[in-house]
Every structure is written in structure tokens, then in C-alpha cells.
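In: just a sequence and a predicted model for now, questions to come.
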Amino acid sequence: MDQSVAIQETLDDGENCLIAVQCLLLLDNGTESRLLGLVEHIKEHALFMFMHRRMAITGSDVTLQKIIPISYDFSVVEVSSPEELAVVGADTRLRVTFLNEEIEFKLPFGSHTRLFLSEVNRAWCDVCEQYPKSPKFDWLTKYQKSAKEPGSLPSIAASTGKIAKRERSHSADTRGHKEDKHTNSSTDKARGEGAHENSQERVKGEGRNELVRLSTHTVSNKAQMLTMPQFGLRDTLIKCELLKNEDAYTYIENFSFFLGTYNVNGQTPKESLRSWLGCTPQPPDLYCIGFQELDLSKEVFFFNDTPKEQEWMKAVSEGLHSDAKYALVKLVRLVGIMLLFYVKKEHAEHISDMEAETVGTGIMGRMGNKGAVAVRFRFHNSDVCVVNAHLAAHVEEYERRNQDYRDICSRMLFRQLDPTLSPLTIMKHSIVLWLGDLNYRISDLEVDHVKDLIMKKDFETLHNHDQLKRQMDEEAVFVDFLEGEIEFQPTYKYDMGSDKWDTSEKCRVPAWCDRILWKGKNITQRHYRSHMTLRTSDHKPVSSLLEIGIKVVNEESYKRTLEDIVRSLDKLENECIPSVCLSKSEFHFKDVKFMQHRAETLTLHNDGQVPCKFEFIKKLDEPAYCKPWLTANPSRGFLAQGDSVDIDLELFVNRSTAPELNSGQQQLEDILILHLERGKDFFISISGSYLSSCFGSSIHTLCQLKEPIQDMPLETIRELSLMATSETNSPDTEKALDIPKELWMMVDHLYRNASKQEDLFQQPGLRSEFEEIRDCLDTGMPDTLPGSNHSVAEALLLFLDALPEPVIPFSFYQQCLECYFTSGQCKMIISMLPQCHKNVFNYVTAFLRELLKNSAHNRLDVNILATVFAALLIRSPTKQDIMEKRKTQEFFQHFLVQETH
């Protein structure tokens, strides 16, 4: 959760919290949690330190304790011990200094901390650029009364005067550089004092690019180190050649990876996990442990905060193999999906390039009740990605599970150390380990037959009816992945606290929901089993022990290979100009539709005498290299002599780009400029035809259309769109429909077919069915909507989300926030809406009230519907904070509660 929102609520106009990080304040007698925010005001910056509640959501959750201005008297250095530095996943320990005061913090390991520190570095560089002017910090004086430590602010005035007398001394600069790992506190103090003597030699401070340690490079990732931004083309060539000749300086060494998955059904740990995690004769080298349904409460679904994270992490730490000591490298969680990554302490120094990401695949592709969490890292010289997934439930939803898998693969993107490089996808790693509650079931067999086969231990026959096996055989999912032979009984579903199959009314068919798969070379599975003795959940945990061959660097061979490469590059340097040939320079996309992914391939071939770097560059006065509906993947890269690369030119029209394409204000036209470093530029023409859609069209326009939108001339749609922007508040003409016919079709379908549908508006539909629904609404064919109730429900949400002007127009947004607590005033606002908007609002809320009458069947309540629909009907014209979201939900709840007479 972005806790900068809570800080922003405490600030005055013109002050902006750029980024915030939760950290630990190090005290003599222990630690205390704090919230650090980087606050900006007209090119002046300061660190605000807040005491806070466990999760800061609003301004009332935080209390200002101290302000640290970022001036020439400010510095931040890393003071991690050698033991801490050896563990890549360890927290970052920092010392912040202002004048004579020092404070130490521990910031959590990860990309967010790196981003926070880079922003602090940028803020300090702003101070340098303003020389000889000195920051005044007048805007901070008003906070003196609110700060918990009265002495934390009076030093500001003295600070600016002191800077002036010292002629903007850069004492902080020397102190700000990264300290040597082995520097102790006394030598640090000496360096701090000595810095004052040298500071006068520097009139203008240099930007401290190494303000803090952002990552640690070990022997195992020397080739990767060359991708850092400070290295130019020459070192990119060296990197490429090193990767091509990797076999010359690496050898394979086997390491044991313990993979585990457990759906805990929202329970707390009730028993030791040692029988699961410590079941191997020898302690594994690495552990990757995945949990699903860690917490099933609504609070975690909406706010992603749960105490069960710590409870299960503690249970895991206590359950690891007792014959080795392990370091926790990373914990990543999305709602109830959590992944823990441990390594033996002696291996920690060989873990690098760690990143963690999450993808939600719930309703509208955003909610995190289903989806995946993942970590990627470099172990010695091998790239590894570990994914923990929880896919869609229910026997009949195997296609939805397939779609979840594809979404996770396409949307899970890991940032690289070099920000100019394209993010890495899951499949870009040489080793991929995939575990979780994949939810694939056993099909075409009655429950009694399944149980009979289990009693006979005829797992082979049972496995032939396993949905995951069938989908993998058809290459619908997990292509090139392997799974060990299943010789244990299904792990779902049991009565809680027992080994008995489900005896509830639903009497679920047993299934192997919990699975572990892998992809890569030099991998051997040593065991694959379930653990029946654990009875906390209605699932049984599963484990797999893999022996994986990892590439390890031979130092002497690496040195020789590097020297050979450098010598050969010396001969080529400056001799030749880079050159490439393109497969084609014109691309046309015909009949593009809303939310339809289209792609064409551009092939580049290096026909020159030297390697080259290519990049798509921005055109003059344009914010990006391409229009927002287009991407080139990869958008930059490196080509060795004689090599080729396929670039996917991907086109996707979403809610942001559809309105102007529907109205004819924009067309699918663009020119891409492909630039070769030290070479020429190429111009690539992109064009296409877009089929207008009700998705992304305004309510006003759709109310004027009695025919399907694709039957109407584009000029007519354009004229109606212009009318919509200029006549929003004018009386609607007689010929206009009360509400858009497309909206009526979807709501009427759901009212007739889905009033009692379980998990409506919570379980996503199928993308293929959405496309059929979209085409039906846009063309009028067929007369009735296709697809499941869940697909129609999601189409309705996407329709509302894509409206260029929301149901409650932007101009009414502030009024909604101001009177959210009074039912009468809320209804007064609705009465003032343009007629077509008011009709839509009343129609949708009447439908939702009907759904609530069937809450015993569909499991909906006022809170769920308010959370889902308020975000669509009452949208903010700018970024919306947590408090505003809550106010809009409370506003909308007034219209869901049944009126009493």
C-alpha cells in the first residue's frame, strides 16, 4: 500500500510527498517503526519522519516527529555490517546526518527502497544545481508546533546561515559516499571531520551517484554488472561476448532446491511444519515456500494488510531443516498469496539481482484474490525465477485457469538493474520454478469412482483425467514445463482437522489442486510428495526436492576470457559503422477492436562488420517514442555481428485510448524512429483501421444511437461526440434513448440470469467470451448476449470503467466528497446530473438493490458492491487517495440501502 497518501493529507497546498518508505528507527534499547517521507516544495526537499499506526492509511494515522532538511549539511551513508552486506536480501542500514545530529534507520530490502534512495539522491543533486543560492526552508517553520520533538526544527535557520559563512561547504559530499564495508564507527567519525577540510576545494558539488549502495555485485554476476548505465557501448559489447562464451569460464555445480506449496484456507498455524519443511535427509540449499489463502477476510482483500503474514513466516522459520542455518532473502505477498525465499547462510553472498513482483488476475484483471507472486534472482551465474500462483477455482473453469496462467506470464515483468533495458518476463529466465494452488481438477469421473481409484492407489488412471495433464498435453499451458510423476493421493478437499474427504453438502471431487512444475536444463527431481500429517487446512501441503545444476564462475577462466574479448574488440573499434537491414518498414493493422491484442513482427538483421546498439527514440515534442496504443518489444537492444532479433510491434486499445479513436479525433497512425548508435536512423510507418465500439464511447453519444455503433458512419459518431462535450448539461432531445441500449442488454441479461449467481462481480470471466460480448454489443449480432454470467458481469464493469466521462461527471466529484455523509444531499447531487447520466445511475443502483435481495445465494453485500461500483461510477479527475475512495464508497452506499417507508 502507498503510504505516501497518508503523509500527503498532513501537508499544505504546494507541498508534495514524492515517496514514502516504512522503516525501523534504531535506538539504544531496540527499534521502533517509523514512516519516512520525502517532501518537496518548489525545488526544496526534506525528510519527514512520522510515528504511525501499523499501516498508515489516512493522515490521522501518522504523527510528525522530526523534519530533516536536505541541504549541504545533510548526508546519508550506509553503515551495514560486513555480515549484513553478505546477505543480498538483508535490510539496508543507513545513517542520516544533519549538522551534528545522526539518526540510523533500517530500510526494507527491495526495489522500493532503491527507488526511495534514488529520489533522495536526486533531491540532494537539486541542492547542488541551485548553487550559489542556498535553500531557505521557510515553508518548514509552520511544522514546529506539530512536531513531537521540539528541538528538531529550530536548527533550520542556523543551517542556512552556516552554509553561507562556509561558502556552501560540501562537507556532506564526502560523508555521503558509500563507506567501505569494514569501516567502523570511529573511522567514520574521523572521515566526517576530515571532510570539512577538503570541502572548500569543491565550489559546486558533484551529483552523488553512489549516495548509498543500491545493489551488491559479486563474482557470480560480473557479466550482469556491465549492464549498469555508467557502462557504454564498449562494455555492452564485452557483456554480449561474455554471455556468448559463458561455457568457457563456468562449470556446473548441483544445488538442492526445496519447493513447497500450501493452501491454508485462511487458518492460523496450529501445528509444527517440520514434518513438511524438514522432511529431507540432508538440509536443502535453498527453500521456496508458497502459501495461498493466507487470509480470507474482507480487510485483507481491500487493504492487503494481515497479521497472518508474520504468523506463518514464524512457523516456516521454525520448521526449516534443523541441521543448517538459513537466511530469509525475500518475502512477497499479494492479498493471500505469499512466497518465502530462504537460503543457507553460506550461499547468501552468491544471490544477486533480486526482484519481486505481483500480478492480480481477479475481476477486471486487478483484484488480488487470484493471481501470482514471484521472485527472480541470480544464483552464481544462473538466472532463476520462482512463481507462486493461485488460479481460478471450480471444476468447469479450466479455461479461466489457462487464461490466468497466460496473464501471469505476460504481465509479470521484472525491472533490470539498467533502467534502459526492457523488463524481464518469467520465460526469459533459464530456470523457472512454478508452484501453487493451480486449481486444476479431475474431470469426467463421479466422486465415488475417484475415491475408489484412490483406495486402489491407481493414480495413473486418475491422472489421465487430470485437467492440468490434459491442458499440458494439448500445449494450452505450461509448454516445455515438466512435472514429476504423481504417486500421492489428491491434496484437496478434506474436512478441516482430519484426513477425511469432504463431507459437506457440496462433497467436492478429490483433486490434485496443489502442484509443482519446473522448466530448464540440468534439473533432476529427488522427491515429489504430499504431507498428510498436517491437518490445519482443507488442503494438504506438497513438496518437491529438485537438484539443479547451477553455473558457477571459474575466476581464472573468466579473467582469460575477458582479456581475449577485450583484445579482439580493440581491433574492431572505430573501424566500421554499424549497419542493419529491416524486414519491412510499413505495417498496417486492419479492423482493430477494443481490448484486442494485435501484433506484427519487425526483424532486424545486423549485416554490418561490428555489433550495434539500437533504440526507438522520441520524435520532437512528443513524450514517448510511440503513441500510447503501441509498444515495441524490445524497444532497445544489442545485436552481435550477423545476428537477428524479432521486435514485436504490439497494438492494444484500452479505456485510455479508445475514446479519441471512437470519436475520430485520433487515428491509428504513427511513425517510429529506430536509431543505431553511431549509425543511421530508420523510419517505420504504422497505420491501422479501428472499429468503433460502445466501450470507450460517452453515455450521451450512445443514447443518441438506436443502431449498433459499427452500423453508423464515423462522421456521425464524431459529430455526436463533439455534441457530448459541448452539451452535457443541455436537455436531451426527444429521439434520445433513456439509457444506452448496450448497458440495458447487459443489465437485463444479468437480472434475468444471474440474480442468484454466486460470487457475481467477484469472479472474473473469460477474455474470449468478453470479445464475443463486445462484438455482439457493437454489431447487434446475435440478439442475445453470449458467454457466462461472470463474463457478462465483467463486461458491464469494463463498460462503466471505459466511459470517458463517468456516470457521475467529473465536475460533480468534489461535491460528492463534501456531502458523502448525508443521504439527502447525496440524492440532491444525483438529481442535478445530466438526464442521461441520471438515468444510468438510477438504473444501475436499482439493479444492484435487486441483487442484494438475493444475497443469501450470490454472497454479495453492500460493502462489496460499494467497493466495486463506486470506483467506476464516481471517478476522480486526478489521482484518488484512500480517504477519497472511502468517501465515494460511503456516498454510493446511500443508494444501495433499501428505503423504509
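Out: It's in.
In: mind showing which ranges of the stretch 501-650 of the chain have poor pLDDT?
Out: Per-residue confidence for the stretch 501-650 of the chain (pLDDT under 70) gives these ranges: 570-575.
In: quick one, strands of it?
Out: 514-519, 523-530, 542-553, 580-582, 586-592, 598-606, 612-617, 630-633, 636-639, 644-651 (DSSP state E, counting those that start in this stretch).
In: any chance of CSV for the ones you listed, columns distance to D437 and mean neighbour count?
Out: All C-beta spots, glycine's among them, are computed from the backbone N, C-alpha and C. Supplementary listing: the strands of the stretch 501-650 of the chain in CSV, determined by distance: least, Cβ to Cβ, whole Å; neighbours: other Cβ atoms under 10 Å:
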stretch, distance to D437, mean neighbour count
strand 514-519, 6, 22
strand 523-530, 13, 16
strand 542-553, 10, 21
strand 580-582, 46, 15
strand 586-592, 36, 14
strand 598-606, 31, 16
strand 612-617, 40, 19
strand 630-633, 31, 18
strand 636-639, 37, 19
strand 644-651, 31, 17
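In: which one of those lies closest to K735?
Out: Nearest to K735, of all those, is strand 586-592, at 29.8 Å by Cβ to Cβ.
In: neighbouring strands for that closest one, and are they parallel or not?
Out: With DSSP bridges as the test, strand 586-592 is paired with strand 681-690 (parallel).
In: strand partners (parallel or antiparallel) of the strand or helix carrying V343?
Out: If you go by DSSP states H and E, V343 is part of strand 337-344. Paired neighbours of strand 337-344 in the sheet (DSSP bridges): strand 286-292 (antiparallel), strand 326-334 (antiparallel).
In: so which of the strands of the stretch 501-650 of the chain comes closest to H390?
Out: Comparing the strands of the stretch 501-650 of the chain by Cβ to Cβ, strand 514-519 comes nearest, at 10.3 Å.
In: list the contacts of the closest one.
Out: Strand 514-519 is contacted by residues 259, 261-263, 427, 431-438, 440, 468, 478, 480-484, 491-492, 525, 528, 530, 539-544, 546 when judged by Cβ atoms under 8 Å, 6 or more residues apart in numbering.
In: how close does P740 sit to I699?
Out: Using Cβ to Cβ, to the nearest Å, P740 is found at 6 Å from I699.
In: now for the two: what residues contact both?
Out: Common neighbours of P740 and I699 (criterion: Cβ under 8 Å, 6+ apart): V840.
In: these two touch, right, S317 and L328?
Out: Yes - if you go by Cβ atoms under 8 Å, S317 and L328 touch, sitting 7.1 Å apart.
In: so if I had to pick from those two, which one is more boxed in?
Out: Set S317 next to L328 and count neighbours by other Cβ atoms under 10 Å: L328 wins out with 19 against 14.
In: surely that one and L340 touch.
Out: Yes - counting by Cβ under 8 Å, L340 is a contact partner of L328 at 6.8 Å.
In: just to revisit the earlier point, out of the strands of the stretch 501-650 of the chain, nearest to K838?
Out: The closest of the strands of the stretch 501-650 of the chain to K838 is strand 586-592. By Cβ to Cβ, the value is 33.5 Å.
In: just the C-alphas of stretch 312-319, formatted as PDB.
Out: Written as PDB, here are the backbone C-alpha positions of stretch 312-319 (Å, rounded to 0.1, in the frame of the first residue of the first chain):
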ATOM      1  CA  TRP A 312       3.100 -18.100   9.000                       C
ATOM      2  CA  MET A 313       6.500 -16.700   8.400                       C
ATOM      3  CA  LYS A 314       7.400 -17.600  12.000                       C
ATOM      4  CA  ALA A 315       6.000 -21.100  11.600                       C
ATOM      5  CA  VAL A 316       8.100 -21.600   8.400                       C
ATOM      6  CA  SER A 317      11.300 -20.300  10.100                       C
ATOM      7  CA  GLU A 318      10.800 -22.700  12.900                       C
ATOM      8  CA  GLY A 319      10.000 -25.600  10.600                       C
END
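In: and it, what's its mean pLDDT?
Out: The average pLDDT within stretch 312-319 is 95.
In: quick one: distance of that stretch to the chain centre.
Out: 26 Å (Cα atoms, centre = their mean, to the nearest Å).
In: could you check that stretch and say which residues are buried?
Out: 312-313, 315-316, 319 (16 or more other Cβ atoms under 10 Å).
In: what's in contact with that stretch?
Out: Applying Cβ under 8 Å, 6+ apart, the contact partners of stretch 312-319 are 264, 269, 272-274, 276-278, 289, 291, 294, 326, 328, 331, 338, 340, 342.
In: against which helices or strands is the longest strand belonging to the chain packed?
Out: Ranked by residue count under DSSP state E, the longest strand found in the chain is strand 250-263. Packing contacts for strand 250-263, counted by 3 or more Cβ pairs under 8 Å, 6 or more residues apart in numbering; DSSP states H and E, involve helix 274-277, strand 286-292, strand 382-390, strand 431-437, strand 514-519, strand 542-553.
In: can you point out the buried residues in it?
Out: If you call a residue buried by 16+ other Cβ under 10 Å, then strand 250-263 has these buried ones: 250, 255-263.
In: same thing with stretch 406-419?
Out: Across stretch 406-419, burial judged by 16+ other Cβ under 10 Å covers 407-409, 411-412, 414-418.
In: could you tell me which of these belong to helices?
Out: In this view, the buried residues of stretch 406-419 that belong to helices under DSSP state H are 407-409, 411.
In: picking that back up, chain center to the strand holding V343: distance?
Out: Centre-to-centre, strand 337-344 and its host chain are 18 Å apart (Cα atoms, centre = their mean).
In: my guess is L18 contacts H41. True?
Out: No - here L18 lies out of contact with H41, judged by Cβ under 8 Å, at a distance of 10.8 Å.
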